[in-house]
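1. Whatever this is, show me its structure:
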Amino acid sequence: MGAVIYHADRPEPLWQALADTLHRTGDVFRREYIITQTEGMENRLKTELARKNGIFAHYTFLKQDDILELLYTELTGKQAYTAAVRPALYRLLGSEDFKTTFPHIAAYYDVANEQEAHLKRIQLAGKTADLLDQYQVYRSDRVLEWEALDSACQEQDHQAWQRWLWLALRDRFKWYVPKHKMQAEVLRLLQEETGREKARRLLPRLTLFGISIFTPFYTRVLNALAQATDVYYYMVLPGTEMLRQQAFDNSFNSALGGNYTVLAETLPRPAEWIEVFAESAALDSTRAAAKSSAKPPTKPPTLLATLQESLRRDSPEGGFVTETQAVDGTLVVNGAYTPVREVEIFYNYLVDLMEKGAGLTPDQVLVLVPDLEAYVPYIKAVFDNAPYPIPYYIGGEQTTKTDTVMQTLMELLAFDAMDAYPAEEVVALLEEKRIRRKYGMENMAYVRETVKNANIRFGLENKADDQTQYVGWTYGLEKIIMGFAVYDDRPMASVLPDATFYPWKETETATAYDVFRLKAFLDDLVYYAEQQKERKSFGAWKTFLLEEVLERSVAYSFRDEEELTRLYKDLEYMEKVYDDQEIPFSVFRYLATERFQQDTLSGAYMAGCVSFLPVIPGRGLPAKVVAFLGMNRDVFPRKDVSLGFDLMQDEPMVGDRSKKENDKMAFLESLMAAESYFYVSYIGKDTATNEVLPPSLVVDQLLDYLEHLAHEDVRHQIKDLVYVAHPLHGFSARYKVQDKRLFTYLYAPTAADREQTDIEGIDTPTPTEQIQTETIDLDAFCRFFVHPIEWYYQKVLGIRYDDPEPPLPENELFDSDYLQSWALKKQVFEEDIREGCIDLFRLEVLKDKGVKDGILPLAGMADLQIKKALEDTEGLRNAWKELLKDVLPHPFPIDITVNGLQIQGSVDTIYNGKLFDYSLSKSIYKQQVKTRITHLILSACGFGGAAVLFTRDGDVLEAPAVDVSTALEQMKELVALFQRGQTERLPIVLNAVVEAMKKDTPEKQIAEYRKKAKEKAEGNIYARQPADIYVAAAWEEEVFDGEEEALAQLIETYYHLIFQPWE
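-> As a prediction, this is how the structure comes out:
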């Protein structure tokens, strides 16, 4: 009997020591109790013990909190009910006694909205329950003082109302046994032989593995228990000398290892210390190489090994790290612009290690991320789409962020009908995988597009007086479903009073059944919303969730049996805790969500995969590569933020919980656990201002310490040798093989790059979406020449900077955007041309249909929009009718091959042997490009007419006819430019070309061109001209900084082919 402390500077020898102990003294029929600090160490311990002993069974993992309750139950025969404190406090906070005595506290949650009031009350109960638990562990003397006072406190401070709750809890809920009472009873019984015998039978041996934080409260229990049974500690420590001195000599250890000094004060009393590691001679070798002319070791220690040895020895010495060590790549700090770039850079780092023969396998890589949830989408995006697949596992992703039954239930519970059923929320919810499968949805893209085009915005029926009934679900679904049944342009009577609708003609028979399924889903949401208005017991809400919501709206299978079992058990447990209290749905939803979010696999890892974990669960786990991502100043270490009513913050004591110190110690432990490589990255620059951003405090301290270790010859440059600042884009021209620290395996090199370099042993990855240039549509060919740079990013690199598909609108249309205005002008123009006129009756029909179909704003705003469209197109309409009245068009098919490129399409605006086109925009440059290229292709196919372009104001531009041979020659030049644009970014900016060619000398042309291109890249807020992000990216990558002669030739060729014929 007694306490034995096994200590080492790494976990590996401790695993072996524990495995030997279990193998030597283990009894397969005797349960082993093991206390660990994190889930990560717990899971790793299982694996290592099973690997070393061939089997690991009949064990129970505990936390320090658990051992007290376990001993109390065994020694007294009484059950300790500690989990029901929160519901008890919830009751007490709602009592009239508390509200009357402490009205200033009750005012926080006693609000008019009942759902909000109960939600605030359960949240306050949870925070208070946690504080009362901490008081018992860290301030047990304060709790005893509360209980010793007989008279009621008349003060209104925070201590007064917390004391009132504590005493009421003790008085009204007799089942509750406080921790300090449990501790006192356990300590008393362990002084008796009978109690010690019971403890020995329960715990023949207690093992504590990897614990780095002890509190005096639990230390007293462990010391008493060591008098009754064997208590073995397996601890990762820098050395026992520090524990004796309670201080560090090494500055980095001192800065990050503050918790070790707390540990020295709170560590249980051992009967024996056993050291299970042998110190390395790496540091001595380094010193010898630096201070004498003796022959250096054949393989000098790496930068990481030297750093670790210095920390392990707690040595204050420095000045011996060489430049060779600084650039050996074993310790790397990278700065990036964005989280996704961080992940890309780290992926490149892993591939590079593997390609260079580091003998690295995926399961030898551990990645710790302080804000893992924020990085999960980027990790998946990069690793799932990378050219060289690397298996990975995210061990800290919350259950509610993954494709699980619980996640889907949480999404359904989170839907709030009080938001008036916004279209985006309803459709996004139906897009959830399990909900979609349950309702049999086949084409969600069609459903989303249909809801958008049918002008469904929000609400079920809405109001008639403000015309919002036209944007509600009832009206919208009615016209969609009737469009499936009736093909008619005439208005029909609606189920809504005094309303008509136009059947939605775009309903497709093959996919229309999805609309009926959408209607069924909406009906279920309405039913759920009605149920949620009631107050029920937790058991009734459990039944509602499992028997109605789950069965009606969530798909599951036998593969989900384990998760469903856990779900049932969690809800049954909470039902017992909350008993028969009637609670509103908001409280049930909050409690259930909170419980399910705790069901994470934060410390788990999968064999054969790179493991991404949160910092605390993965702290101190050894791996060949240990990496930290997202080490930003405002994220890590976490700040110690206390509640405003936390009484401990007034009188801090040694051993109090500190997230900041805990994080710093976790970083130090993980640095020491890195076997070969240590990697750190953070957001080093602001994307908007390019301002340098500082890293985490611990990274700053690491770089400062490296400066201390460096030899005087490299001391002032070692930070620059270890730190690498990466460009904004992964395809940056800076990623050249000449700079060994900048490399990428994610993007295909350009043709020029391929001529310059060839990376040995690596197959060049293909672009993510390499354009097929054998056959192309006429419209696509024209679009290339409108914006060649955008084309290259989107079609060749597979990069889209434009915003993703925007969410469905949730408000009625107040004003038309550019595209809607353009569509309305086009509709007015075509209506006038088709009918020959556009009278008041036709305008009224256009307005009525436009409002009900969602093209026009509601009420009087529709008249203004139509009036403006008429004014803007008046000149164009009059000019078109004057030239082409009663003239019918005829189509001209196109199928031509030039230099291996086949262009296909059809042109249907040929009138009287000429190509006619028009522009509805103020600027006609884009339409000039499209019309000119179409005309040139037509001419090459034998079309002998001119091209005519109408401006919005009715002006007419004309390009002369082109003979076939000339057209073919010019087409060859265009195709050559097109093919060149598939391998490099052509620095062509439309308006910049036109403005530059107005200058009279090549030098002025180039200067003007670069000026206008830069303006396009930066935008102009005064002219309401947004920045073109594609041109901005090319500008930053110095695409416009090539040879002036070549750039001038490119501009002149482009202008000559496209714009000059219009002059």
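2. Quick one: the helices in the stretch 301-450 of the chain, in order.
-> 303-312, 323-326, 339-355, 372-385, 405-414, 423-430, 433-439, 444-453 (DSSP state H, counting those that start in this stretch).
3. Pop the domain breakdown of the protein in here.
-> Domain assignment of the chain by automatic domain parsing yields the ranges 2-78+183-275, 85-176, 279-396+608-642+656-766, 401-597, 775-798+888-1062, 818-884.
4. Now the ones you listed in CSV, please, with extra columns for mean neighbour count.
-> (Each C-beta comes from the backbone N, C-alpha and C, glycine too.) As requested, the domains of the chain are arranged in CSV below (neighbours: other C-beta atoms under 10 Å):
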stretch, mean neighbour count
domain 2-78+183-275, 18
domain 85-176, 16
domain 279-396+608-642+656-766, 18
domain 401-597, 17
domain 775-798+888-1062, 17
domain 818-884, 16
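5. In TSV: these, plus distance to residue 649 and mean pLDDT.
-> Shown next, in TSV, are these (distance: least, C-beta to C-beta, whole Å; pLDDT from 0 to 100):
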stretch	distance to residue 649	mean pLDDT
domain 2-78+183-275	17	82
domain 85-176	10	84
domain 279-396+608-642+656-766	4	80
domain 401-597	24	83
domain 775-798+888-1062	46	87
domain 818-884	55	72
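6. about what we covered before: residue 775: which of the helices of the stretch 301-450 of the chain is closest?
-> helix 444-453 (25.6 Å; C-beta to C-beta).
7. Give the next helix or strand downstream of that closest one.
-> On the C-terminal side of helix 444-453, the closest following helix or strand by DSSP states H and E is helix 473-485.
8. After that next one, which helix or strand is next?
-> strand 492-493.
9. what packs against that following strand?
-> The contact analysis (3 or more C-beta pairs under 8 Å, 6 or more residues apart in numbering; DSSP states H and E) places strand 492-493 against strand 500-501.
10. how about a cut-off of 6 Å?
-> Judged by 3 or more C-beta pairs under 6 Å, 6 or more residues apart in numbering; DSSP states H and E, strand 492-493 has no packing partners among the helices and strands.
11. Residue 920 reaches residue 825, doesn't it?
-> Yes: assessed by C-beta atoms under 6 Å, residue 920 is found in contact with residue 825 at 4.9 Å.
12. mind checking which helix or strand the nearest residue to residue 35 once chain neighbours are set aside is in?
-> Nearest residue to residue 35, sequence neighbours excluded (C-beta to C-beta, 6 or more residues apart in numbering): residue 208, at 4.5 Å. Residue 208 belongs to strand 205-209 when assigned by DSSP H and E.
13. Adjacent strands (with direction) for that strand?
-> strand 32-36 (parallel), strand 230-236 (parallel) (DSSP bridges).
14. Could I get these in a markdown table, plus columns for distance to residue 902?
-> Shown next, in a markdown table, are the strands paired with strand 205-209 (distance: least, C-beta to C-beta, whole Å):
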| stretch | distance to residue 902 |
| --- | --- |
| strand 32-36 | 67 |
| strand 230-236 | 68 |
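15. Quick one, which of those strands gets closest to residue 502.
-> strand 32-36 (66.8 Å).
16. I figured the residue nearest to residue 35 was touching residue 234, is that so?
-> No: with contact defined as C-beta under 6 Å, residue 208 does not count as touching residue 234 (7.1 Å).
17. all helices for the stretch 101-250 of the chain, in order.
-> Counting by DSSP H, counting those that start in this stretch, the helices of the stretch 101-250 of the chain are 103-109, 114-138, 140-148, 158-172, 179-190, 193-202, 216-225, 240-245.
18. Among the ones you listed, which comes closest to residue 933?
-> helix 114-138 (61.0 Å).
19. now the angle from the closest one to helix 140-148?
-> On the basis of axes from the mean of the first three to the mean of the last three C-alpha atoms, to 10 degrees, helix 114-138 is oriented at 110 degrees to helix 140-148.
20. tell me how far helix 114-138 is from the chain's mean position?
-> Centroid displacement of helix 114-138 relative to its chain, using C-alpha atoms, centre = their mean, to the nearest Å, is 30 Å.
21. Could you do stretch 641-651 as well?
-> 32 Å.
22. ok, now stretch 702-717?
-> Its chain's average C-alpha position is 36 Å from that of stretch 702-717, according to C-alpha atoms, centre = their mean.
23. Now do that stretch: distance from first to last residue.
-> 15 Å (C-alpha to C-alpha, to the nearest Å).
24. need the contact list for residue 640.
-> 658-660 (C-beta atoms under 6 Å, 6 or more residues apart in numbering).
25. Mind putting these into JSON lines with distance to residue 789 and secondary structure?
-> Listed next are the contacts of residue 640 as JSON lines, based on distance: C-beta to C-beta, whole Å; DSSP: H, G, I helix; E, B strand; the rest coil:
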{"residue": "658", "distance to residue 789": "52", "secondary structure": "coil"}
{"residue": "659", "distance to residue 789": "47", "secondary structure": "helix"}
{"residue": "660", "distance to residue 789": "47", "secondary structure": "helix"}
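26. Out of those, which is nearest to residue 219?
-> The nearest one, if we look at those relative to residue 219 and count by C-beta to C-beta, is residue 658, at 17.6 Å.
27. Can you give the distance of stretch 201-208 from its chain's centre?
-> 43 Å.
28. contacts for it?
-> By C-beta under 6 Å, 6+ apart, stretch 201-208 touches 30, 33-35, 74, 229-233.
29. tell me the SS of residue 1010?
-> At residue 1010, secondary structure determined by DSSP: H, G, I helix; E, B strand; the rest coil is helix.
30. and the gap between it and residue 993?
-> 12 Å (C-beta to C-beta, to the nearest Å).
31. And for the residue sitting nearest the centre point of the chain, nearest residue in space, chain neighbours not counted?
-> Residue closest to the average C-alpha location in the chain (C-alpha atoms, centre = their mean): residue 374, at 3.6 Å. Computed as C-beta to C-beta, 6+ apart, the closest residue to residue 374 that is not its neighbour in sequence is residue 339, at 6.6 Å.
32. Pull out the CA atoms of stretch 481-496 and give them to me as CSV.
-> Taking Å, rounded to 0.1, in the frame of the first residue of the first chain, the C-alpha atoms of stretch 481-496 are listed here in CSV:
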residue,chain,number,x,y,z
ILE,A,481,-49.2,22.6,-58.0
MET,A,482,-51.8,24.0,-60.3
GLY,A,483,-49.2,24.6,-63.0
PHE,A,484,-48.6,20.8,-62.8
ALA,A,485,-52.3,20.2,-63.4
VAL,A,486,-53.3,23.0,-65.8
TYR,A,487,-51.3,24.5,-68.6
ASP,A,488,-52.9,28.0,-69.0
ASP,A,489,-51.7,31.6,-69.1
ARG,A,490,-55.0,32.9,-67.7
PRO,A,491,-55.4,33.9,-64.0
MET,A,492,-57.2,31.5,-61.8
ALA,A,493,-59.0,31.9,-58.5
SER,A,494,-56.9,31.3,-55.4
VAL,A,495,-58.0,29.6,-52.1
LEU,A,496,-57.0,32.9,-50.5
